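In: Build me a model:
(one chain, ligands or ions: 1)
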Amino acid sequence: MSAVRAEDLRKHYRIRSGRGGEDRVVHAVDGVSFEVPEGRTLAIIGESGCGKSTIARMLVRLAEPTEGRILVHGTEGVDRRAIQLVSQNPWSALNRRKSIRHALEQPLAVHGLYPDKAARAARVRELLHLVGLTDEYLGRRPGGVSGGELQRVTVARALAVEPRVLVLDEPTASLDVSVKALLVNLLLDLKRRLGLSYVLITHEIDIARHLADEVAVMYLGRFVETGDAERIFSAPRHPYTRALLAAVPGPGREPAAPLQGEVPSAVAPPSGCRFHTRCPMAVDACARTEPALEPDQDGRLVACLRADELLSPAETV
Ligand SMILES: Nc1ncnc2c1ncn2[C@@H]1O[C@H](COP(=O)(O)OP(=O)(O)OP(=O)(O)O)[C@@H](O)[C@H]1O
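Out: Numbers count the residues shown, from 1 in each chain. This next block holds a predicted model:
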């Protein structure tokens, strides 16, 4: 059974114009489907504004899908213990005036877990140790702890209710380069030890490279390429994936120029292929016909009218 299954998810936000004008509709997520096998990590990557966080919010039921279904371990109903969110900014996720002990006790109290005082205190210490912190952090407040340590606390807090899936929304984005790798290693370790599955949302390609088993590349509310992480990172096929990866320096390789221009408005996405306005490979048909995600010969899915012509550089040598 899949840890997470999303079927044709959509989230449209209606923005009221007032004064008799027409309402506008933001197509934040516009028909995406995916599965995360148990014990695996799916990374959803793409530029800011493509709809990644909206998917994260729907998965943990902070936002209701406009259409589509979400199943967590086969169950469609809301089970707030089964799937938990770790968000980007630990400072806004935690109450500055309360101790770390309080931050870890709170979810236990909300869900009525460990009602016995001594057992609850032991569980709080256990959670802290799980993320590599010692008892001396219990009495501290968020202000007295570094960013990397604080993000560990938010991970511990998410784990308090024993979820089977974590949604990691830009978990390392607020951290210094030197501590990003430490958090990545902790996440890998926890996944193995606790048998967790992850949905990782990130624009940091390096982080996705380290954590992901599978990748979904998102552009303006839709997936343009999905499949095995190793294959996609070593031989990206969709022009958008290629542009995203080319902008990241690799071993012995200078980064290519970043993508030109901005992601167009999700209120009126471009016709045909949504990426055609920025795509170096676009032909006339791309403005008219929206490409479907089609299987490639190596098992990934690519949504590009020119996919057959676009053998990746690694394959052309
Ligand atoms: N509550 C909302 N009301 C209206 N529009 C929204 C709302 N939340 C998100 N959007 C819009 O939906 C689109 C997708 O936003 P989302 O935050 O999911 O993208 P993202 O890829 O996660 O970007 P970021 O990394 O900047 O968070 C954007 O155009 C955004 O402006």
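In: Show me the shaky parts of the stretch 201-317 of the chain.
Out: 250-254, 311-317 (pLDDT under 70).
In: Wait, a helix at residue 265?
Out: No: counting by DSSP: H, G, I helix; E, B strand; the rest coil, residue 265 is not part of a helix but coil.
In: if I look at it, how far off is the ligand?
Out: From residue 265 over to the ligand the distance is 7 Å, taken as C-beta to the nearest ligand atom, to the nearest Å. C-betas here are computed from N, CA, C, even on glycine.
In: The closest residue to the ligand within the stretch 201-317 of the chain: neighbour count?
Out: Nearest residue of the stretch 201-317 of the chain to the ligand, counting by C-beta to the nearest ligand atom: residue 266, 3.9 Å away. Neighbour count for residue 266, taken as other C-beta atoms under 10 Å: 22.
In: any idea how far residue 219 is from it?
Out: Distance of residue 266 to residue 219, computed by C-beta to C-beta, to the nearest Å: 11 Å.
In: Quick check: chain neighbours aside, which residue is closest to residue 105?
Out: Leaving aside its sequence neighbours, residue 105 sits nearest to residue 124 (C-beta to C-beta, 6 or more residues apart in numbering; 5.7 Å).
In: center of the protein, which residue is that?
Out: Geometric centre of the chain, nearest residue: residue 201, 1.5 Å, by C-alpha atoms, centre = their mean.
In: Mind checking if the host helix or strand of that one is in reach of the ligand?
Out: Here residue 201 is covered by strand 197-202, with elements defined by DSSP states H and E. No: against the ligand, strand 197-202 shows no contacts by C-beta under 6 Å from any ligand atom, the least distance being 6.7 Å.
In: who does the one helix or strand residue 108 maps to touch, helix- and strand-wise?
Out: Using DSSP H and E, residue 108 sits within helix 100-110. On a contact count with 3 or more C-beta pairs under 8 Å, 6 or more residues apart in numbering; DSSP states H and E, helix 100-110 meets helix 117-130, helix 147-159.
In: Show me what counts as buried in the helix or strand where residue 8 lies.
Out: According to DSSP H and E, residue 8 maps onto strand 2-15. Across strand 2-15, burial judged by 16 or more other C-beta atoms under 10 Å covers 2, 3, 4, 5, 6, 7, 9, 10, 11.
In: ok, back up a step: got a list of what the residue nearest to residue 105 touches?
Out: Going by C-beta atoms under 8 Å, 6 or more residues apart in numbering, residue 124 touches 101, 104, 105, 108, 138.
In: And the furthest pair within these?
Out: Spatially, the most separated pair among these is 108 and 138, at 14.0 Å (C-beta to C-beta).
In: Could you point out which of the helices and strands packed on helix 100-110 sits nearest the ligand?
Out: So among the helices and strands packed on helix 100-110, helix 147-159 is nearest, using C-beta to the nearest ligand atom, at 17.0 Å.
In: From the chain's centroid, how far away is the following helix or strand past the closest one?
Out: As assigned by DSSP H and E, the chain's next helix or strand after helix 147-159 is strand 165-169. Counting by C-alpha atoms, centre = their mean, to the nearest Å, strand 165-169 is centred 7 Å from the centre of its parent chain.
In: Work out the sheet partners of strand 165-169 and label each with its direction, please.
Out: Partner strands for strand 165-169, per DSSP bridges, with pairing direction: strand 83-86 (parallel), strand 197-202 (parallel).
In: and the stretch 1-150 of the chain, which of its residues are near the ligand?
Out: Counting by C-beta under 6 Å from any ligand atom, the stretch 1-150 of the chain sits next to the ligand at 13, 26, 28, 46, 48, 49, 50, 51, 52, 53, 54.
In: Dump those to a markdown table, plus secondary structure and pLDDT.
Out: Formatted as a markdown table, those follow (DSSP: H, G, I helix; E, B strand; the rest coil; pLDDT from 0 to 100):
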| residue | secondary structure | pLDDT |
| --- | --- | --- |
| 13 | strand | 96 |
| 26 | strand | 96 |
| 28 | strand | 97 |
| 46 | coil | 95 |
| 48 | coil | 91 |
| 49 | coil | 91 |
| 50 | coil | 94 |
| 51 | coil | 96 |
| 52 | helix | 96 |
| 53 | helix | 96 |
| 54 | helix | 97 |
